[in-house]
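K.L.:
Mind folding the following:
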Amino acid sequence: MTEVGVQLYSVREAMAADPKGVLSRLAGIGYRNVEPVFGLLGGDPPGFRRLLDANDLTARSLHAPVLGTAREEIAEAAQAIGAQTVVVPSIPEPEFATAAAVARTAERLADAASWLENHGLELAYHNHQWELAQRPAGQPALELLAGLLPPQVALELDVYWAQVGGVDVPALLGRLGDRVRLMHIKDGPAVKGEAMTAVGTGVLPIREILDAAPPQALRIVELDRCDGDIFTALEESFAYLDEGR
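P.N.:
Numbering: from 1, shown residues only. Down below sits the predicted model:
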């Protein structure tokens, strides 16, 4: 199984205050890969790379709005931190409401993927719940999108939001297959607006999800919001996932 990573959005407030301390603490837990958000690089991607190197960490993917106007800056940042994949964090819900809208979304992603490929980078798309809840052609919009995308465009399946969207996540993984090359692993009540919990302590069938996932898909823990201490939840999440490897 691939290594277990952590999405730095989980610790966004702490990162803004003390990135050096946060990365050291995550490395101490056992994480060896982090997934930054473009805005958390502090405007200094080379400096962020030095912090990674000092803590024996890698950043194999970067969340960034590459469909917008900062494409050149994002590509340079990804290259500087050593990321191979740029992940589109979100596309608004109306862009998945109809089959025609999904087709336009696929075209935008394909265009960005082609541009990134010329810069030695890959593209992935990260879902929320609406891409699964909306079924414009009789199937979840995310599956419709996957069928329209060129093969080089990956999916970063957020298993929590997929469950909130009303799908059987292990079955979804079986249908999407190798298109899923990254995963956000999170747990909790699977209710929009409620706090998440350490992986393995909520309602998601985590073991079944991992068994259904492509073996090479990168597992990345992300907890958008927790009621307790986020570092404790991330440590418990790592222990749960590491035990199953």
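K.L.:
Now do residue 197, the pLDDT please.
P.N.:
pLDDT, residue 197: 98.
K.L.:
doesn't residue 187 make contact with it?
P.N.:
Yes. At 5.5 Å, residue 197 and residue 187 qualify as touching, with contact defined as CB atoms under 8 Å. C-beta: built from backbone N, CA, C; applies to glycine.
K.L.:
who's more crowded, these two?
P.N.:
residue 187 (26 against 21; other CB atoms under 10 Å).
K.L.:
which non-adjacent residue is nearest that one?
P.N.:
residue 202 (3.4 Å; CB to CB, 6 or more residues apart in numbering).
K.L.:
now do residue 203
P.N.:
Distances taken as CB to CB, 6+ apart place residue 190 nearest to residue 203, at 5.2 Å, with adjacent residues excluded.
K.L.:
Return the alpha-carbon coordinates of stretch 174-181 using CSV.
P.N.:
Below are the C-alpha coordinates for stretch 174-181, written out as CSV (Å, rounded to 0.1, in the frame of the first residue of the first chain):
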residue,chain,number,x,y,z
GLY,A,174,-15.0,-0.3,-8.2
ARG,A,175,-16.7,1.6,-11.0
LEU,A,176,-14.1,4.4,-11.2
GLY,A,177,-11.1,2.0,-11.1
ASP,A,178,-7.7,3.3,-11.9
ARG,A,179,-9.0,6.8,-12.6
VAL,A,180,-8.7,7.3,-8.8
ARG,A,181,-5.1,8.0,-8.2
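K.L.:
Perfect, that will be all.
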